[in-house]
Structures are given as structure tokens and as C-alpha cells.
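Trainee: Attaching a predicted model along with its sequence, questions to come.
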Amino acid sequence: MTVTTRQTRFWHGFADMHVIADREIVIERGEGALIWDTTGAEYVDATAALWYCNAGYGRREIADAVAAQLTRLAGYSSFGAYTTDATLRVADRLAELSPLDDTVVFLGSGGSDAIDTATKLARRYWDVLGRPEKRLIVSREHAYHGMHVMGTALVGMPAMRAGYGAPMVSDVAQVPALDTEAVGRLFEERGSEIAAFVGEPVIGAGGVIPPTPDYWPEINRLCREHDVLLIADEVITGFGRLGTWFGTQRYGIEPDMITFAKGVTSGYMPLGGVLVGRRVRAPFWDEPVAGAVFRHGYTYSGHSGAAAAALANLEIIEREDLVGRVRTLEPVLDRAVRRLAGGPLAGEIRTVGLTAAVGLSADVLERDPAAPDKVVAAALRHGVASRVLRGHAIHVSPPFVITEAQIDRLVDGIGNAMEDVAAG
């Protein structure tokens, strides 16, 4: 690994700029599941950039679709009655894929937009129905729901809320990650105030935490019983990451809304949004409710270039059966990462779909909280690009086109990095 020596003016996200400034790793190109930096060093991309490059790098078909759209019409506002043909077509395509009944689609620029949209819509829904007291949004410990103000208020990792003042948004509450009894108690105590429960099918950035078999069926039941809207945050799990188009389908979740982003374009253009089911759409679309207008939107809602990227990307995923490929590779990845169990530094290893978290042991973390960052830095020297999840685990979520040989190379690189750090 070689770092840059130029003087940077770019402020990196989630970075200590005292350390990062003028020491960037500048990624220049990619092909499939591989990336190269400006020095020519090659890496297996363990994280699909940031959970998003599902179709892999170098997809000229997506680039050509975007170029054709931008040449014809770069974009146009979708406020009021205006929109573009590409916007209408991507909404139709997403509605076809949606597991919800009678889906309509609200578009933005990414997952943080999507969470803001869905939670505002949940509160507005109850207000329109004459129940403005239902404002409370419930999230989970270890959850990640983006970094807009609402996402920061809902995040289940205290370090990501620290220093911003509390509460950033009123009427939010949090429950343990997999404790349905705690959810039941909260719903009993405050159900008349609760607008929505929001959860990831599998907790992602919080450490790849799959649900227990009875978790989502019980959440479905509690939300129905207490008249609480259910929002499935599928920003990470949507579009194949768990071996189904949506994690909602894998776990039998019955949401009223689904947030999405990342894999919808494989990151070729910024796009996110909310799939809205029959119940929530009804007072705004189908029923004559006075004043039922959702006064919300973004400058780039329905951007035609992003829509063109999504249409081309979804065509590739379907044509090449990349969702089926994830199902094939799921046990391959699981077997590979479990080779690390019992090795230097290794703690709990969690996998689901084409995703894994390689945890470091509690005693290692107690002795050296910086050990995960050291492993990530060492992995670069062994040709693997990854990152740290919630301060304790190494992140694995490669592009769906990764080969079995590249999975072995990825795991070997992390293993070698752990040995290097253990050796000091």
C-alpha cells in the first residue's frame, strides 16, 4: 500500500483528519470485485465500496445508459406535476420488484434521505388520520439508519450520537437489538404515541447481526396489535445482498414501508427512496382526505440520470441471476471466513447472505482498542480493502460477482493481517 503525498482539501467522512489528511488511499479503477489505487496496487474489495457495488465494477452498460440519458436530458424537477420518462420507468420497475401491495415509490439521493422520508411520512400519515399524538419512532441498539438528523437520532451506536446535543429529534426511543419482550413492554406503555418501528432485516453497520428465527414474526405481530407502522430499512439488504431481492422476503417481514438505496444502482449514481405500501399511500393517493398532502421532496428526487443507472443495473442483476449467485456463494463465504476461527485475534464470526463480520476477541479489544484498525491497515498490505464495523469487527460484503478464488484470497488476506498484528 502506498499513500498520497499531495496536500488534500477533501474532508473524509467518518475520519480523523489529523491522521487522514495527506495520507489518502486513492482508488483509481475497478473491475469485477477488484480495485486498484493510483500506485497500481491491486486489492480484493471486501466491502463493495460501502455495501453497494452489487453488480461489480466496470459495467459499461450502466455507464452507457447514464451517458445516453444525460445527453438527452440531464435531469428535471419532480416537484408538482413535473417528472421525466426515466423517473416513471424506474418507479414502475421498483414497484414490480417490491414485496409490498400496490407499491408507490418516493425517490431521493440515498439511504439517509430515505430514512428521513419514511419517518416523516409515518408521522404525517397519523396526523392526516387525526392522530397527531402518534409521533414516536422506535429503533434498535446497534442500528444504523444514515447520518441525516433523523438517522443520527435513531442510530444505535452511541459514538455516532456523541457531541451533537441530545435529543437532536424529539420523540424517538430505542430497544435492545433482538429483545421482542422489550419491544412489547414499550408498545404496552406507549403504543398510543408510537408512529413507527424501524429496523434493518439484518443489522449491518452495527456488526452483521442476523435476527433470531422468531424475531421478525413477533415484531410483525406487535406492530399489528398496537397499530404501529413497520419500516424495513433495506438500504443494505435490498437488491440481493441476502440471497433474495429484499431481506423482507427472506425473513417474512410485513412492513408498511421499505427504505432502499446502495444496491439499486450498484453505486454507479446516487439514488435512494421509499417503497410505500397500500396502507400508507391510501390517504394521500386513494381516499378523499382533506389536506392529505406530503409536503416533502429533494432537489434530485427522481433524477433521470440516477434512474437510468438503476434501470440498467437492475436489468444486469436479473439477467445474470446475481441474486441466485448470492445464494450459491453464501455457504462458500461462510466456510471461508470460519477458517479464521481460533486463529490470532479472532472472536465471534457472523455471516448471512454475502456478508460477514469477523470479530476480534474481547480480550484483544480490551488490551488494544485500536487492534481492528491495525488489522484493516495490515490487510491492505495483503491485497484486501476492508473497514471496521462498530469498533470490533472486520467488514466483509463483496460484490456479487466475486469468484470463489477471490473469496479465498480475501479471507487469506484478513487472516494474514490478523497474524501480523498479533505478532506486533
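Mentor: It's in.

Trainee: Mean pLDDT per helix and strand in this structure: which one sits at the bottom?
Mentor: helix 17-20 (a mean of 90; mean pLDDT, DSSP states H and E).

Trainee: If you count contacts, what does it end up packed against?
Mentor: Helices and strands touching helix 17-20, as assessed by 3 or more Cβ pairs under 8 Å, 6 or more residues apart in numbering; DSSP states H and E, are absent. Bear in mind the C-beta positions are built from the backbone N, C-alpha and C, glycine included.

Trainee: After that helix, which helix or strand is next? Please name it.
Mentor: Scanning forward in sequence from helix 17-20 by DSSP states H and E, the next helix or strand is strand 27-31.

Trainee: can you give me the helices for the stretch 201-350 of the chain?
Mentor: Residue ranges of the helices in the stretch 201-350 of the chain, as given by DSSP state H, counting those that start in this stretch, are 215-225, 247-251, 278-285, 304-319, 322-337.

Trainee: Can you convert these into TSV and add a column each for distance to Ala356, mean neighbour count and mean pLDDT?
Mentor: Below are those laid out as TSV (distance: least, Cβ to Cβ, whole Å; neighbours: other Cβ atoms under 10 Å; pLDDT from 0 to 100):
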stretch	distance to Ala356	mean neighbour count	mean pLDDT
helix 215-225	20	17	98
helix 247-251	16	22	98
helix 278-285	34	18	97
helix 304-319	21	23	98
helix 322-337	5	18	98
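
Trainee: Which among those is found nearest to Lys262?
Mentor: With Cβ to Cβ, the closest approach to Lys262 among those belongs to helix 304-319: 10.8 Å.

Trainee: and the closest one, what does it pack onto?
Mentor: By 3+ Cβ pairs under 8 Å, 6+ apart, helix 304-319 packs against helix 60-72, helix 85-97.

Trainee: and the strand or helix carrying Ala356, which strands flank it?
Mentor: For Ala356, the host element (DSSP H and E) is strand 355-360. If you go by DSSP bridges, strand 355-360 pairs up with strand 346-352 (antiparallel), strand 393-396 (antiparallel).

Trainee: Dump these to a markdown table, plus distance to Ile35, mean neighbour count and mean pLDDT.
Mentor: Listed next are the strands paired with strand 355-360 as a markdown table, based on distance: least, Cβ to Cβ, whole Å; neighbours: other Cβ under 10 Å; pLDDT from 0 to 100:
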| stretch | distance to Ile35 | mean neighbour count | mean pLDDT |
| --- | --- | --- | --- |
| strand 346-352 | 23 | 19 | 98 |
| strand 393-396 | 15 | 26 | 98 |
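
Trainee: wait, which of those strands is closest to Met150?
Mentor: strand 393-396 (24.1 Å).

Trainee: by how many degrees do whichever helix or strand comes after the closest one and strand 355-360 diverge?
Mentor: Sequence-wise, the next helix or strand downstream of strand 393-396 (DSSP H and E) is helix 404-423. When axes from the mean of the first three to the mean of the last three Cα atoms, to 10 degrees is applied, the directions of helix 404-423 and strand 355-360 differ by 20 degrees.

Trainee: Now do the buried residues in helix 404-423.
Mentor: 406-407, 409-418, 420-421 (16 or more other Cβ atoms under 10 Å).

Trainee: tell me the mean pLDDT over the strand holding Ala356?
Mentor: For strand 355-360, mean pLDDT is 98.

Trainee: And the helices of the stretch 201-350 of the chain: which comes nearest Ala63?
Mentor: Nearest to Ala63, of all the helices of the stretch 201-350 of the chain, is helix 304-319, at 8.5 Å by Cβ to Cβ.

Trainee: Show me what that closest one is in contact with.
Mentor: Outside helix 304-319, the residues within contact range by Cβ atoms under 8 Å, 6 or more residues apart in numbering are 54-55, 59, 61-62, 64-66, 68-70, 73-76, 84-87, 89-90, 93-94, 97, 107, 109, 239-240, 264-266, 268-271, 300, 322-323, 400.

Trainee: ok, Pro255 - contacts?
Mentor: 100, 230-232, 248, 277.

Trainee: Report the buried members of those.
Mentor: The neighbour-count criterion (16+ other Cβ under 10 Å) marks 100, 230-232, 248, 277 among those as buried.

Trainee: hey, where'd the helices end up in the stretch 51-200 of the chain?
Mentor: For the stretch 51-200 of the chain, applying DSSP H, counting those that start in this stretch gives helices covering 60-72, 85-97, 111-128, 149-154, 180-190.
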